Structure formats: structure tokens, C-alpha cells
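Peer 1: Provided below for reference: sequence and predicted model.
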Amino acid sequence: MKYIDKILLLTVVLVFTALISCEDDEDAFVEQKPSVSLVSPADKADGIDIAPSFEWQASDPNSKPLKFDFLLGLDSTKLFVQAENLKEMNYSLTDYKILKEEVYYWRVVVKNGTDRIESDIWEFKSIPAPDTPNLIGPDADIFIREALTFEWEPVAAGEGETISYKVLLGKTNPPTEVIATIDDGSTSYTADALALDIGDVYYWKVDASDLINDSSSEVRSFKKLQPGAPDEPMIVAPENRSGVMAGVTLDWTDVTDPEGDAVSYDVYLDKLNSPVTLVATVTDSEYTPTGLDINSAYYWYVVAKDPSNNASPTIISGFANAGTSPGFPDIQAFAVDGVLSLDEKLVWGASSGATSYDVYIDTVNPPVNLVAADITETEYLVKNSEIPSDITDVKTYYALVVAKDGTGGITNSFPVEFTPQMTGTMTDTRAQEVNEYTWVRIGEQVWMSQNLRAKKLTNGEDIAFLGPRVIPLTGSSTELYFDESPEGIEGFTPDWQNTHGRVYSSRVRFHPLAAPTGWHVMTNTDLAYIRSYVSNARDLMGTWHDGATNLYGLNCVIAGYRYDNSGDYVNGFRTALYKGRAPYWVNDPGSFDVLELYPTGTGFRFFDHPDEHLRMFGIRLVKDE
């Protein structure tokens, strides 16, 4: 019995020992994964160079060979692989992907063939862009004759960087033409002042660059004068376009000559907007003219000159030698200098003692074409027909307001010069649907230069959608339909509805809420005018159509050509005809109701539709007069 007990005890000990040995064996075969930690640049480091180097540490407990992917990005949730399967634990960006003054995020992925372990994400901020160059000379708003040297203070370079400079010069503000690129650290540049146009204002600035980023200086200006000429006088009084009620003294600034020579002044004055009559030569900086006609506009300027006839003229200014009653009606400046915007009114100040006003607009100065008489308001909305122009012939107009006191007394404003706005945009809001359309002026008319693409009426009510497989259309329907041209056809333009518009049933064009306030669907009257103005339809058609020129910017393109049967058409659209024509509805019951434009021949075709509901074409809007 004791023998059996010993056997049992020995068996238990052996089994327990075996279990322990098995557990030890399992632990011996557990494979450890690699580890990776970032080293530099330190997390949240600031002022890191634009071509930084990165380091990390990694190990594998099983001594497997490691490879690394390096990831970088401006968003910690969207890092992009910059390098793959690196064997070293470092990486340098040598292609200048780092922008200035940005926060970047980076991480490393370690791979041993079976495992892929990601490091933590660290961040750093790159060094700032170059400092703004501080200009030294020439000073702002001065006169330049011969010497022209641009100078600026040096910009400090970052570690490992070099700063280059660009000098920009031109007649526009800011200037865009680079006249010099300096890479040798110099902070000055001498230009050829003699090559500049006398009498013109020039603008200049300096850009500092570190290969990736630029910093721009302020913009300064100067005026180029004739070598040896006196400084340019400035007009003091009367104020340009003002009215002078009783006599006038012309006043300007006194100037000096660079060589110290005596300076005299030639005064030019007459009724031409570029005066040619020399009325006086004086040594003082003022002159009082005599014999001026009442209610007439006069223009004048002064030329400062030395004994060698080196000369510097002022700008041309003007004034109205107004009557004594009523007061002077001063026309206000336009929102954009010299341009009358589409819906902008001609506005003037109320004239004391005036009971009414007359408005003249013409292409001659002073204007003689009376466009409004005996109005009591101090504003006037100029009609399209009063300022006919188009982008092939932008005309200059003059406007004059005459204040009247009811007893025969009149006082004229100073005539103002302007050109009409040729193109622009209009925002069409229909409840939640907002479309922006471009427009163009053609002669006496203003047309949308895009086809209608609205899905709602102007009161926000939906225009019912006719699905692409609804064929044929039904003449008994009372709905207003629109449809969309199918994709995948020859000549198809992505985003077709925004570039070509939509097609509509005939009934949409008649609906009083189809066009926004101030616009209407084109009529036969509109077409009769434009046909008398433009000889070939191809000049009105967009260049999407083969052979079209779009000379006037109207950009007539096909919205679609939908029929009431399928045949060999795509969802009812006769797509084979797209490149050769542009059909539109005409809003004129009782006359022809469809216009087709072709880029060949004269290109105009008009016809009556046999069933006004069973076709769908584009719609083009015209501005009300």
C-alpha cells in the first residue's frame, strides 16, 4: 500500500513538473514586436529650417532587419508618406517641402517583415518667412530726372539660407515687372532712368526670397521728369470740376529748378478738355483770367519752365464759370472712377434756388443731347439706349446737368466724362436657389451672357422636373418643365448646367415669374435690334461651337435640343446637332417663337414651333430698358 502511495505521489509530481515545463516552453516561443521612438526635432520644436533632418530610434528583440516609412503633413490626422523602406534611422528633406511659419506633424512607421508599428506623432513649427525689406530710397512721391538707385536694408537669413532680392518696377500699383534679381547679397540697384517715359508715375517695391517664401516691401512711387526740368507744380484752386460763381483765380504751387535757374509759368486755358490756348506767362504762382463766358466749362493747366525751356506740366483741371442763380449742381464722382456702372445713377448736389433740372448726355463735349427735361429729382438712371457701346467699341460719353429756377435763370454743372460698364455679374436669388450670371453690353442692349439655369420661379416655386426617360412629352400637361442634357455625348462639357444652362418647355418662357425683376426673356424686338447691329450669328456664339468667334462676348451656346420622341436620340436629346446650332425660345406669342443660331453663313434662323409644348430649348434673358 505504501508502495502504491509512493507511486501516486511520484506521478503527481511528474505531471506538475511537466505542466510547469510546458508553460516555460510557451513563454520561450512568444515573439516580441519592434519598438520605435522619435528623437529630433523635439516635439513642439520651433524655428525648424525649411530643409530639416529627422532622427529616430528603433529596435527589434528578435534581431530582425528593420525598414522605415517617414510620414509628414499639416494635419495630424492626414500624414503623407515622404519616403518608404528607409534602412537608416534618419531622413532629410532636401526638396524644400517645408513652408514658412507652418505647424507640421510627423511620425515613423517601423517594419520587420511581419509587423508594422507606428511611432507617436510629434509636431514642429517652421522658421518664419523672410522679414519685410525696409526701403531706404528713393523717397515716396518724389521726382526723378536722371539718377535712379533703389536701396533697401538687408534682410537677415536663417541658418543655412541665402536671401535673394527682386526689384519690381512699373506703371501699375503694385508693380509686377521684375527689373532685377540680386543673389549676391547687394541691397541696391541702379536703373536707367532715361529709359522711363517722361511725365509718367512709376511704382516700385522689393521682394526678399529664401527660395520658398517671399516677403514684399511697401510700394513707393515717383514721377519721371525731363532732365534739368523744374519740379512739377500742383493745382491748388479751383477744385477740379467745381463751379465758380463770380470770377476765378487760378492757383498752383510754386516750384524750384534743380540747377537753381529762374522758373516761369505758361498758363493754358480754353473750352477744350485738352486746352491748347496759351493765355499768359507769369512768374507768380497764380493767374486771374478775364472775359470768361457764363455757364461754360473751362479746362486749364500750367507748365513750369526754366530759361533752357526744360518744362514740367501740371495735370489738366477744369471748372465751370457758373451763373449767379440758381446754385451750382455738382455731379458726384462715380463709384468706379470714370465708369458708369450698370445700375448706377447720375447723381448731383441740390442747387439752391433750382426748381427743376435738365440732363444732357452725348459723345461730344459739352453734350447737346437732351435725355431728361424738367425733372425735380437730383438723380437720373441713364438708359441703355442713351449710352450705346459694346466691347468692340467702348465709347466715351459726357454728362451735363442744368439747374433751372423757373424764371429763366440757369446754371450748368461741370460736364463729367465716363464710359459705360461693359460687363458684369447679376445674382438671381429664388428662395434657397442662388445663381450668378454674367452679362454684356451690346449696343443699346444688355444681355445675359449665360443661358438660364434656374430650377425655380422667382417666387421660389419649383419648376417641375421632367425626367430623362419621360418620352414623349405630353401636350396635355399644364406643368412647367425643365430637363438636363445627358452626359457622355460628343462635345459634352463637365458641369453642363453651369456652363450651358438648362432646357425648358415653351410654357416657361411665357411665365411672368420666369425672369427676375428688371430682366425678360428675349423678344422679337430684341432680336430685330441685335440683327441690325451684328451681321453674323457666329460673332454672338461661344467658341464651344466650331467656327464661332464670340466677338461681342454674348457666348450663345446650346443648352440642349430636346424632342418629344426618342428615335436615335439620347433620352430625347438630339445630341448630334449640338456643335452646329444654338436654339432659344422667343417670348412673342403670335409670331415666330424659336431662334436658331448657326456658326456658318449669316447664321440666323427663325421658325414657328408646330406644337408649342413638345420641344425643349434654352432661354436667354435681356435687361429691361
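Peer 2: Sure, I can see it. Residues are numbered from 1 along each chain as shown.
Peer 1: and residue 101, how many neighbours does it have?
Peer 2: 10 (other CB atoms under 10 Å). For the C-beta atoms, the positions are set from N, CA and C on the backbone; glycine is no exception.
Peer 1: using the three-state scheme, assign it.
Peer 2: Classification of residue 101 by DSSP: H, G, I helix; E, B strand; the rest coil places it in coil.
Peer 1: how many residues are close by the closest residue to it other than its chain neighbours?
Peer 2: Leaving aside its sequence neighbours, residue 101 sits nearest to residue 128 (CB to CB, 6 or more residues apart in numbering; 4.9 Å). As a burial measure, residue 128 scores 13 neighbours (other CB under 10 Å).
Peer 1: for residue 414, give its distance to residue 272.
Peer 2: As for residue 414, its distance to residue 272 is 14 Å (criterion: CB to CB, to the nearest Å).
Peer 1: so which of those two has more stuff around it?
Peer 2: residue 414 (24 against 13).
Peer 1: ranges for the helices of the stretch 501-625 of the chain?
Peer 2: 506-510, 524-533 (DSSP state H, counting those that start in this stretch).
Peer 1: stretch 427-434 spans what distance, first to last residue?
Peer 2: The first residue of stretch 427-434 is 7 Å away from its last residue (CA to CA, to the nearest Å).
Peer 1: just stretch 36-54 next, same as before
Peer 2: 13 Å.
Peer 1: that older thread, most packed of the helices of the stretch 501-625 of the chain?
Peer 2: Mean neighbour count (mean count of other CB atoms under 10 Å) peaks for helix 506-510 among those, with a mean of 20.
Peer 1: contacts for that one?
Peer 2: 463, 480-482, 514, 521, 585-587, 589, 593, 609, 612-613, 615, 619 (CB atoms under 8 Å, 6 or more residues apart in numbering).
Peer 1: what pairs with the residue most central in space within the chain across the strands?
Peer 2: The centroid of the chain falls nearest to residue 424 when counting by CA atoms, centre = their mean (11.3 Å). According to DSSP bridges, the residues that bridge with residue 424 are residue 439.
Peer 1: can you pull the contacts of it?
Peer 2: Neighbouring residues of residue 424 by CB under 8 Å, 6+ apart: 341, 342, 438, 439.
Peer 1: what's the pLDDT at it?
Peer 2: Looking at residue 424, its pLDDT is 96.
Peer 1: how much space separates it from residue 519?
Peer 2: In terms of CB to CB, residue 424 sits 13 Å off from residue 519.
Peer 1: again with residue 109
Peer 2: To residue 519, residue 109 is 60 Å away according to CB to CB.
Peer 1: now swap in residue 565 and tell me
Peer 2: Applying CB to CB to residue 565 and residue 519 gives a distance of 33 Å.
Peer 1: equivalent analysis for residue 558, please.
Peer 2: Counting by CB to CB, the gap from residue 558 to residue 519 is 21 Å.
Peer 1: sorry, back to before: go ahead and confirm the residue nearest to residue 101 touches residue 50.
Peer 2: No - using CB atoms under 8 Å, residue 128 is not in contact with residue 50; the gap is 10.6 Å.
Peer 1: before we move on, the earlier item: return the member of the helices of the stretch 501-625 of the chain having the minimum mean pLDDT.
Peer 2: Across the helices of the stretch 501-625 of the chain, helix 506-510 gives the lowest mean pLDDT, at a mean of 88.
Peer 1: returning to that earlier point: which one's more surrounded, residue 109 and residue 519?
Peer 2: Between residue 109 and residue 519, residue 519 has the larger neighbour count (other CB under 10 Å), namely 21 against 17.
Peer 1: which one is that one nearest to, not counting chain neighbours?
Peer 2: residue 621 (4.5 Å).
Peer 1: how many neighbours does the one you found have?
Peer 2: Residue 621 has 25 neighbours, counted by other CB under 10 Å.
Peer 1: any idea how this protein splits into domains?
Peer 2: Domain assignment for the chain by automatic domain parsing gives 1-30, 35-126, 135-224, 240-321, 339-421, 424-623.
Peer 1: between those domains, which has the poorest mean confidence score?
Peer 2: domain 1-30 (a mean of 44).
Peer 1: that older thread, quick check on the contacts of helix 506-510: which are buried?
Peer 2: Buried members of the contacts of helix 506-510, counted by 16 or more other CB atoms under 10 Å: 463, 480-482, 514, 521, 585-587, 593, 612-613, 615, 619.
Peer 1: could these go into TSV alongside distance to residue 530?
Peer 2: As requested, the buried ones among the contacts of helix 506-510 are arranged in TSV below (distance: CB to CB, whole Å):
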residue	distance to residue 530
463	27
480	27
481	28
482	25
514	20
521	14
585	16
586	12
587	15
593	17
612	23
613	27
615	23
619	16
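Peer 1: residue 284: which of these is nearest?
Peer 2: Nearest to residue 284 out of the buried ones among the contacts of helix 506-510 is residue 521 (CB to CB; 65.8 Å).
Peer 1: what about the residue nearest to the closest one when sequence neighbours are not counted, distance to residue 512?
Peer 2: Of all residues beyond its chain neighbours, the one nearest residue 521 is residue 587 (3.8 Å), with distances taken as CB to CB, 6+ apart. Going from residue 587 to residue 512 by CB to CB gives 11 Å.
Peer 1: pretty sure residue 401 sits against residue 354.
Peer 2: No - the pair residue 401 / residue 354 is not scored as a contact, 9.7 Å apart, by CB under 8 Å.
Peer 1: arrange the domains of the chain in a markdown table, one row each, with distance to residue 231 as further columns.
Peer 2: As requested, the domains of the chain are arranged in a markdown table below (distance: least, CB to CB, whole Å):
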| stretch | distance to residue 231 |
| --- | --- |
| domain 1-30 | 92 |
| domain 35-126 | 43 |
| domain 135-224 | 6 |
| domain 240-321 | 4 |
| domain 339-421 | 28 |
| domain 424-623 | 41 |
